[in-house]
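1. Sequence first, then the predicted structure, then my questions.
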Amino acid sequence: MTDQDGREGRQFTDEELQDLVASTDSGARAPANRNVALLIAGLALIWSLFQLWIAQPQLWFAEYLSVMNSSQTRPIHLTFAIVLAFLAYPAFKSSPRDRIPIFDWILMGVAGFCSFYIFLFSEELALTARSGLPTQTQVIIGAVGILLLLEASRRALGPALTIVGSIFLLYAYLGQGWLIPELIEHEGLSFTALINAQWLDTGGVFGIPLGVSTAFVFLFVLFGSLLDKAGAGNYFIKLAFAGLGHLRGGPAKAAVVGSAMTGLISGSSIANVVTTGTFTIPLMKRVGFTSEQAGSVEVASSVNGQIMPPVMGAAAFLMVEFIGISYVEVIKHAFIPAVISYIALIYIVHLEALKKDMPALGKAKSLSGMLVKFFVGFAVAGAGFTALIYGVGALRDTVPSLTGPIMMTLLAAVYVWLVSIAARKPDLEIDDPNAEEISLPEVKDIYATGLHYVLPIVVLVWFLMVERQSPARSAFFATALMIGIIVTQRPLKALFRGEGARMMEEFKGGFNDLVEGLIAGARNMIGIGVATAAAGIIVATVTRTPIGTELAGLVEQLSGGYLFVMLVLIGLFSLILGMGLPTTANYIVVSSLMASVVVSLGAQEGLIVPLIAAHLFVFYFGIMADVTPPVGLASFAAAAVSGGDPIKTGFTAFFYSLRTVALPFLFIFNPTLILYGVDLGTWAGIGQAVFVFIVATFAMLLFAAATQGYFLARSRIYESAALLLVAFTLFVPNVWLNMVQDPFRDIPPTQFETAVGEAEDGAQLRLLIQGPDFNSGEMTETTLVLNVEGADEAERIANSGLLLIPEGEAVRLDEPMFGTATAESLADFDFYADTPVQLASVRVPQTRMPEQVFYLPALLLLGLVMLLQRRRQTKPAF
């Protein structure tokens, strides 16, 4: 990388880059001893087969093997991960990679036993440790297991998560000390209680994060590995270059789209950078991007792959468990921010190409023309998918018992037909980006060679979105189809090419590809399995100590009560907490600590923040740690490919990623951007979603133009400021409307019952609650959203869970009904203190003008900027 004088870093060779990916994702150790290498590969293969079995246990051999519950599958999952971590990852950079030292064998055996012990003695643990009575032997095994888990985490992921986990363990144990702020002090847990909570119980290491890794994440990582092994990764990159390579700055635009498609199947920013970057970065440099700019474009697009549904670096599955909403809802909320972020990045590199007057590779084509073709293709695909939904529905109504067999037969026929089309073209080769002459492929020559790779993705989306199956079951069906494709595509191509004599040889090749894909998928899961287990330490500490509830008070003190400053601080905390952590562990840590803080502080300031918006907020800032120096793992990987300065690369990538930094603030203040409250089950809801998408895309493009200092021509400072103002207005017009007209009117607390009775069913009232804090005793307040549900006034108040006691002009609150949402929202109030908890104010909605009215002055301002810049424009804007 950079030396002490700050000179540019060395460009890594292909072997060094693959070693870099292996070191971070699958383990850098490659034993020279064949038996040891076979042991590692065999364990990885068995792990993949085990995960496929527990995902769909109703197979032909189900009568011989009992179905396992989560308390049994999680320890086995961690056993595989921790054993492979000690076998595949050397202890230090100087440790041997061609053999496994005896000490690592010992650590592997002890760590595997400590984890497998939880499976072997699950019934005994239920009667002892999980009932609060752990034995001394169990405590010793748990303590050793935690230490070795942290060591495995250090090897597989670097020191960050190990240090964070150790700090949380010390905090949970000590509780007090000169380094622990008074605000989060507690009595401290005994050593036995600590080990019991972290290792022996079901809420620590073997809690929800590891459960998500076991049930969902592995299958999606395996699916991505098999898809890449089949050749889909190279197909997506070639397709992106065929479609966009002919434009100004084409390689950069192709890098963005290629990384987006690769991000669909990859859970690693670093692997994404290296996989696509080895081809895209040299081509970007060839057309005029500097080493740092080329690396930065790749970093920005690869890291954004982690916010792109359906996988989102496994965060989507964790959100399902943490928030308690369906997987389809998570995808719905995450879709628009991810897509407009990628569209804006394409526009950013287009502006860079215009500023530098970069040439196109080959004959130049129009960006607007390509966009029209894209939207036409998207519309056709959407219409086809809609027709398929109605067709299957009609088939179910006609012959319900035969629908499954008919659909499987049609799927097989479509697959064979698509492979026959692919067989007419030569198989895609990996191009050399450093070749003297680059001949870009045509879309018509590329798209037909890999259409069958789209089928498993369609199956995945079908079962997730249409059938509403669980993510695990959906991934299983998609992976099962992928297994069939990877085994049969080669012999089928040989058959269609008239090379029937080679079918058996090709079938063996396909089977070998399958085995290699299964092994690669498991090895890619080592770090994630260890990370989710180690992150469980943080989750258990947050639930058993005051740090989770008191962190809001700390942020509030530091911000001085200003909501925007609070959000900035929370974003910075999430950024710092995410440094050096892989995406999955990153999300677990930042969401456990910061998501509830966003919701509670927003409520105190009268801003109702949906929980999903808070989780996406901290997630977006957490993944930015992959970009931002001094850690910025993805930036260092990109610099290794480009030969640029990693620090400069990181700062440039952060500048390109400003839209990803701005988006969380925008959907906090306007949750409609994440389609919160939009019903996609109605035509009106779909229309609203399309409108939101179009406006948000337009606003994001203007934001990109403002931050890049170029629109139709180079922008002056006041023009960039005007573009920012226009973009802000299009994103959050409600902010301006709230300044002009209050969305609610205040009524006295004594009129609460009347207001509830007069409100329409489904309406929302906002209640300002004041009272003493349960922990500090100081007066605090929060805003409670009350959904009016029920036939009459009495039923509506009963459904709310509120217990109201009128006292003259005041209304006192008793402790809400246990188990209601209200009880959870008001859990921080002390209802038994001398000072009562009171209903301070009731706010009821009032009729206002539409917020879209503010689009008019914004568009007029935009027209003025365009008029000013048109006089200086020297080249087409698109």
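-> Perfect, I can see it now.
2. And for Glu753, the neighbour number?
-> Residues contacting Glu753 under the criterion other Cβ atoms under 10 Å number 17. (Glycine included, C-beta is placed from N, CA and C.)
3. contacting residues around the nearest residue to it once chain neighbours are set aside?
-> Closest residue to Glu753 apart from its sequence neighbours, by Cβ to Cβ, 6 or more residues apart in numbering: Glu793 at 6.0 Å. By Cβ atoms under 8 Å, 6 or more residues apart in numbering, the contact list for Glu793 reads 753-754, 756-757.
4. Name the nearest of the residues you listed relative to Glu185.
-> Taking Cβ to Cβ as the measure, Glu185 lies nearest Val756 of these, at 41.4 Å.
5. I'd say the closest one and Val788 touch.
-> Yes. Using Cβ atoms under 8 Å, Val756 is in contact with Val788, at 6.2 Å.
6. who's more crowded, those two?
-> Val756 (24 against 21).
7. how near is that one to Ala640?
-> Separation of Val756 from Ala640 (Cβ to Cβ, to the nearest Å): 62 Å.
8. for Leu663, same thing?
-> Leu663 sits 29 Å away from Ala640, going by Cβ to Cβ.
9. Local confidence estimate at Leu264?
-> You'll see Leu264 listed with a pLDDT of 60.
10. Tell me where the stretch 351-500 of the chain has helices.
-> With helices called from DSSP state H, counting those that start in this stretch, the stretch 351-500 of the chain shows them at 367-398, 403-423, 443-446, 454-461, 471-496.
11. Buried deepest among those, which one?
-> helix 471-496 (a mean of 22; mean count of other Cβ atoms under 10 Å).
12. Mind giving me the packing neighbours of that helix?
-> In this structure, helix 471-496 makes packing contacts with helix 34-55, helix 218-230, helix 315-323, helix 403-423, helix 454-461, helix 503-524, judged by 3 or more Cβ pairs under 8 Å, 6 or more residues apart in numbering; DSSP states H and E.
13. Dump those helices to TSV, plus mean pLDDT and distance to Phe703.
-> Shown next, in TSV, are the helices and strands packed on helix 471-496 (pLDDT from 0 to 100; distance: least, Cβ to Cβ, whole Å):
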stretch	mean pLDDT	distance to Phe703
helix 34-55	92	41
helix 218-230	86	31
helix 315-323	81	24
helix 403-423	91	40
helix 454-461	87	30
helix 503-524	91	35
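14. For Phe477, which of the ones you listed is the nearest?
-> Between Phe477 and those, the shortest separation by Cβ to Cβ is 5.8 Å, and it involves helix 454-461.
15. just how off-centre is that closest one within its chain?
-> The chain centroid and the centroid of helix 454-461 are separated by 20 Å under Cα atoms, centre = their mean, to the nearest Å.
16. can you state the direction angle for that helix and helix 403-423?
-> Angle between the axes of helix 454-461 and helix 403-423 is 150 degrees (criterion: axes from the mean of the first three to the mean of the last three Cα atoms, to 10 degrees).
17. Can we start the residue count at 3 from this point?
-> I'll keep to 3 as the first residue from here, and by that count the last item is helix 456-463.
18. tilt between helix 456-463 and helix 220-232?
-> If you take the same axes, to 10 degrees, helix 456-463 sits at 170 degrees to helix 220-232.
19. now for helix 456-463, which elements pack on it?
-> For helix 456-463, the packing partners by 3+ Cβ pairs under 8 Å, 6+ apart come out as helix 220-232, helix 405-425, helix 473-498.
20. nearest to Gln559, of these?
-> helix 473-498 (39.7 Å).
21. for the record, mean pLDDT for the closest one?
-> Computed over helix 473-498, the mean pLDDT rounds to 90.
22. thinking again about what came up before, just put the helices and strands packed on helix 473-498 in JSON lines and tack on distance to Val301.
-> Formatted as JSON lines, the helices and strands packed on helix 473-498 follow (distance: least, Cβ to Cβ, whole Å):
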{"stretch": "helix 36-57", "distance to Val301": "29"}
{"stretch": "helix 220-232", "distance to Val301": "20"}
{"stretch": "helix 317-325", "distance to Val301": "19"}
{"stretch": "helix 405-425", "distance to Val301": "33"}
{"stretch": "helix 456-463", "distance to Val301": "25"}
{"stretch": "helix 505-526", "distance to Val301": "20"}
